[in-house]
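Engineer: 3D, please:
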Amino acid sequence: MAATDGHFFHYSVSLSYEDGRPVDAKGIGRRVLDKVHETYDTELAGKDFAYDGEKSLFTIGALPHNKLEFTVVLEDITSNRNVGSGSPGGNGSPNESDRKRSRRQYQSKTFKVAISYAAKIPMQAIVSALRGQESEHFQEAVRVLDIILRQHAAKQGCLLVRQSFFHNEPRNFTDLGGGVLGCRGFHSSFRATQGGLSLNIDVSTTMIVQPGPVVDFLIANQKVRDPSEIDWSKAKRMLKNLRIRASPSNTEYKITGLSDKPCREQLFSWKQRTGNGEGEPQSIDLTVYEYFVNHRHIELRYSADFPCINVGKPKRPTFIPLELCSLVSLQRYTKALSNLQRAALVEKSRQKPQERMRVLTEALKRSNYDADPLVGSSGISIGTQFTQVEGRVLSSPRLKVGNGEDFFPRNGRWNFNNKKLAEPTVIERWAVVNFSARCDIRSLCRDLIKCGGMKGIAISPPFETFEENPQFRRNPAHVRVEKMIESIKSKLPGPPQFLLCILPERKNSEIYGPWKKRNLADLGIVTQCIAPTRVNDQYLTNVLLKINAKLGGMNSFLSVEYSPSIPMVSKVPTIIIGMDVSHGSPGRSDIPSIAAVVSSRQWPLISKYRACVRTQSPKVEMIDSLYKKVSDAEDEGMFRELLVDFYTSSGQRKPDNIIIFRDGVSESQFNQVLNIELDQIIESCKFLDETWSPKFTVIVAQKNHHTKFFQSNSPDNVPPGTVIDNRICHPKTNDFYLCAHAGMIGTTRPTHYHVLYDELGFSADDLQELVHSLSYVYQRSTTAISVVAPICYAHLAASQVSQFVKFDELSETSSSHGGVTVPGAVPVQELPKLHKNVSSSMFFC
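Structural biologist: So this is what the prediction gives:
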């Protein structure tokens, strides 16, 4: 970037119709501003501008005046205001010349555009930030550069999703089933790094609605064979706010709903002139079907018996027969994907490192940013090569398993072949519960007991096998669970240590949530759910790893936990925290967010954890119940619960050091983590003991970013343990990238760790070693994982406890497309509390 002392000038834009009504700029704003640029070049002093598509416009150097007003006329504006209510495109007149005139009258629109000065942003701010100096305008200046990239993509006809751009090219589409396509594009944004201003470019995928005939989309979406099986109330919800193109007029509309009656019965009022064309037009009631077939002479093959698409206003509907409507391409699909769709998306968007590099090089070439006048005027030129960085590979930590054996994992992986678990449990009182008809329980138990014996877990034969009575299978899930619990209580002499539950489906079983709730919240019994398809030694070992951890055993430890020689952690009592908030699916503002916090216990260990989970207002990212003072003597917050558990499990010692890993927050929220969450944690500590002031280190882990690493001399992924803390890291703050795991498929995504606060004073090497080690203590698998275990456990705890209450069924009011969801303090349903017998276990494993 050339050093520059120029300024970006920020102007606010307001659009209105001739009569003063404001225009919702989304969609039309760019066309209006393009027209302004084309028509009023002299008044704008020949300046190019970057427009964000809504209310902001930026220029390099000032416009001639602080306030400018323009009027522009756009031809061919999609209009919902038609002559004949009930006919598309204003084609309600029988006379051809009339029809053309009336269409023109409605298809061109006049807009007033007011541009007024808002602020100026020094370009120097970027140069200062690159030198590591604090710069208040840096974020704004980079935002302007990103808006230039967005506008550049918009001019190429791309779908824009924040800083990701998608071209309308069928070769980039892959079918995910259900009328949904994955669309591959690329992400492009500017970042300040130690090596200077960087362009961060990466492959990106979004979901779009299958373009083409509306009826084809509905058949695919509802998985039916033909239109007669379509559920039209579901269809109405799904289609609302999508855009269609109507034939033969080729005009674009937004769907507002469906007609109440089928096409052959749906009447509308049609104004028709008398024979000689003189006098007042007569209104006659006509069905949509008759109008199109008899007056427009359009053959309708299958629309007669199905609802029409409504593209009008609530009081002035405009109906178009189904078969004349085609969905426009590049419309985002914003509903949650099914498991099958998600699996297809992951499968089809994987790319090996070499292929990804090739695609990115092509994308950069094709973008041709250097030809953009604004990029040039900003003093920016973009290189064509990937940034070269130096990385280090941390050696994997030594692990300890049973019989005092220890070993080094190879390539981030290990196994328990011919090894015993580090701390195996003894399972004496247990039973099997079978909700699935197709399982050979006897051989499953025999193999499980045998496999357990080889791993050091002594398992007695099950006390009983409880088969579901086939007559209950059609009942709701909670009734089926209740009947099973009654049967268990009547036959077992006392509560079992553990229940093995066999489910009919591997994913999304409706029994899972009610079953977990009854056992963990009401009865205090540990349970393991399985839905076995191929039972082999590997499968049984993985199940036993989970069972052992849930029952208080340990599968493997880090050798340094026992020596104890972990810098900062082993010398004084230290608690390690993992925090995460998971939200309902996009567009659903009625499902509470779930906050989960996990904490280490039994110091000096860093492999054992327990969890605390609460609900909070929908879409609120900051955890609000870490400290919750209910009286002068009582704090019901999450953090107190975890501190008390640490104290009792660590020999009556309070932690002197508190290390917090926080997941899922963006850079703009870093200050909130310190000002809202850390503040509550400090309050909670003070409330427990005024005189106690532990030291804190706060680290944010980000997986959702667009930085990828490639080896310059190998087609493979970077090896596990690769750490990068130079050139592409932030010029000022303490951050690093770590690939702890072995990338077996696709391209490895590193985790980006940001150290927001460090009172403990870690050296860079010690902190990176600790983070790397915490990727090896995940009890559910025999691999290093991509992000520290406490964060993974917080994810697991949130997703399991959220199943206790079926929030999805509380309401289905929020609309799917363009539904505005406003985060706010809505009173939320609380989650059931865990039973004391399991509350400090690793039930989430």
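
Engineer: and the next element down the chain from the host helix or strand of Arg342?
Structural biologist: Assessed by DSSP states H and E, Arg342 sits inside helix 339-349. Proceeding N to C from helix 339-349, the next assigned helix or strand is helix 353-367, under DSSP H and E.

Engineer: Check which element follows that next one along the chain.
Structural biologist: Next helix or strand after helix 353-367 toward the C-terminus (DSSP H and E): helix 373-377.

Engineer: Phe466 and Ala431 touch, don't they?
Structural biologist: Yes - contact criterion C-beta atoms under 8 Å: Phe466 and Ala431 qualify, at 6.5 Å. Any C-beta I mention is one placed from the backbone N, CA and C, and that applies to glycine too.

Engineer: residues shared between the contacts of the two?
Structural biologist: By C-beta atoms under 8 Å, 6 or more residues apart in numbering, Phe466 and Ala431 have these common neighbours: Ile488.

Engineer: Next one: Ala701 relative to Ala740, how far apart?
Structural biologist: 11 Å (C-beta to C-beta, to the nearest Å).

Engineer: ok, now Ser349?
Structural biologist: 22 Å.

Engineer: For these two, indicate the residue with more neighbours.
Structural biologist: Using other C-beta atoms under 10 Å, the more surrounded residue of Ser349 and Ala740 is Ala740, with 26 against 16.

Engineer: Tell me which residues touch the more buried one, please.
Structural biologist: Counting by C-beta under 8 Å, 6+ apart, Ala740 has contacts Gly412, Pro720, Gly721, Thr751, Val771, His772, Ser775, Tyr776, Ala784, Ile785, Ser786, Val787.

Engineer: where do the helices sit along the stretch 701-845 of the chain?
Structural biologist: For the stretch 701-845 of the chain, applying DSSP state H, counting those that start in this stretch gives helices covering 764-773, 789-802.

Engineer: buried residues in the shortest one?
Structural biologist: Of the residues in helix 764-773, those buried under the neighbour-count criterion (16 or more other C-beta atoms under 10 Å) are Leu767, Gln768, Glu769, Leu770, Val771, His772, Ser773.

Engineer: quick one, the lengthiest helix in the chain and helix 353-367 angle?
Structural biologist: Secondary structure of the chain read by DSSP state H shows that its longest helix is helix 138-155. On the basis of axes from the mean of the first three to the mean of the last three C-alpha atoms, to 10 degrees, helix 138-155 is oriented at 80 degrees to helix 353-367.

Engineer: who does helix 138-155 touch, helix- and strand-wise?
Structural biologist: strand 7-17, strand 49-51, strand 56-60, strand 109-122, helix 124-130, strand 159-161, strand 180-193, helix 373-377 (3 or more C-beta pairs under 8 Å, 6 or more residues apart in numbering; DSSP states H and E).

Engineer: Any buried residues in stretch 297-312, and which?
Structural biologist: For stretch 297-312, by 16+ other C-beta under 10 Å, it's Leu300, Ser303, Ala304, Phe306, Pro307, Cys308, Ile309, Asn310, Val311, Gly312.

Engineer: First residue to last residue on that stretch, what's the distance there?
Structural biologist: Taking C-alpha to C-alpha, to the nearest Å as the measure, stretch 297-312 stretches 22 Å from start to finish.

Engineer: For it, give the mean pLDDT please.
Structural biologist: Here stretch 297-312 scores 91 as its mean pLDDT.

Engineer: same deal with stretch 12-31?
Structural biologist: Per-residue scores along stretch 12-31 average to 85.

Engineer: Just the buried positions in it, please.
Structural biologist: Buried residues in stretch 12-31 (16+ other C-beta under 10 Å): Val13, Leu15, Val23, Ala25, Ile28, Gly29, Arg30.

Engineer: With stretch 27-47 instead?
Structural biologist: Ile28, Gly29, Arg30, Val32, Leu33, Asp34, Lys35, Val36, His37, Leu44, Lys47.

Engineer: Now render those residues as TSV, adding distance to Trp692 and secondary structure.
Structural biologist: As requested, the buried residues of stretch 27-47 are exported to TSV (distance: C-beta to C-beta, whole Å; DSSP: H, G, I helix; E, B strand; the rest coil):
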residue	distance to Trp692	secondary structure
Ile28	60	coil
Gly29	56	helix
Arg30	58	helix
Val32	61	helix
Leu33	59	helix
Asp34	63	helix
Lys35	66	helix
Val36	63	helix
His37	63	helix
Leu44	64	coil
Lys47	61	coil
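
Engineer: quick one: which of those residues is nearest to Glu136?
Structural biologist: Nearest to Glu136 among the buried residues of stretch 27-47 is Lys47, at 25.6 Å by C-beta to C-beta.

Engineer: re the thing from before, and for Ala701 and Ala740, which residues touch both?
Structural biologist: Contact criterion C-beta under 8 Å, 6+ apart; residues shared by Ala701 and Ala740: Thr751, Val787.

Engineer: if I look at the nearest residue in space to Ser12 that is not next to it in sequence, how far off is Pro22?
Structural biologist: Nearest residue to Ser12, sequence neighbours excluded (C-beta to C-beta, 6 or more residues apart in numbering): Ala118, at 4.7 Å. According to C-beta to C-beta, Ala118 stands 18 Å off from Pro22.

Engineer: One more: Ser164?
Structural biologist: Taken as C-beta to C-beta, the span from Ser164 to Pro22 is 29 Å.

Engineer: likewise Leu330?
Structural biologist: Leu330 sits 26 Å away from Pro22, taking C-beta to C-beta as the criterion.

Engineer: next one: Asn548
Structural biologist: For Asn548, the distance to Pro22 equals 63 Å [C-beta to C-beta].

Engineer: And for Gly494?
Structural biologist: Distance from Gly494 to Pro22, counting by C-beta to C-beta: 70 Å.

Engineer: Neighbours of the nearest residue to Asp146 once chain neighbours are set aside, how many?
Structural biologist: Among residues not flanking Asp146 along the chain, Ser189 sits closest, at 5.3 Å (C-beta to C-beta, 6+ apart). By other C-beta under 10 Å, 19 other residues sit near Ser189.

Engineer: what sits against Ser460?
Structural biologist: Neighbouring residues of Ser460 by C-beta under 8 Å, 6+ apart: Ile427, Glu428, Arg429, Trp430, Ile449.

Engineer: Phi first, then psi, for it.
Structural biologist: Main-chain torsions, Ser460, degrees, to the nearest 10: phi -70, psi 160.

Engineer: On the three-state scheme, Ala304 is what?
Structural biologist: Counting by DSSP: H, G, I helix; E, B strand; the rest coil, the backbone at Ala304 sits in helix.

Engineer: The nearest residue to it once chain neighbours are set aside and Val543, how far apart?
Structural biologist: Distances taken as C-beta to C-beta, 6+ apart place Arg264 nearest to Ala304, at 4.3 Å, with adjacent residues excluded. As defined by C-beta to C-beta, Arg264 lies at a distance of 59 Å from Val543.
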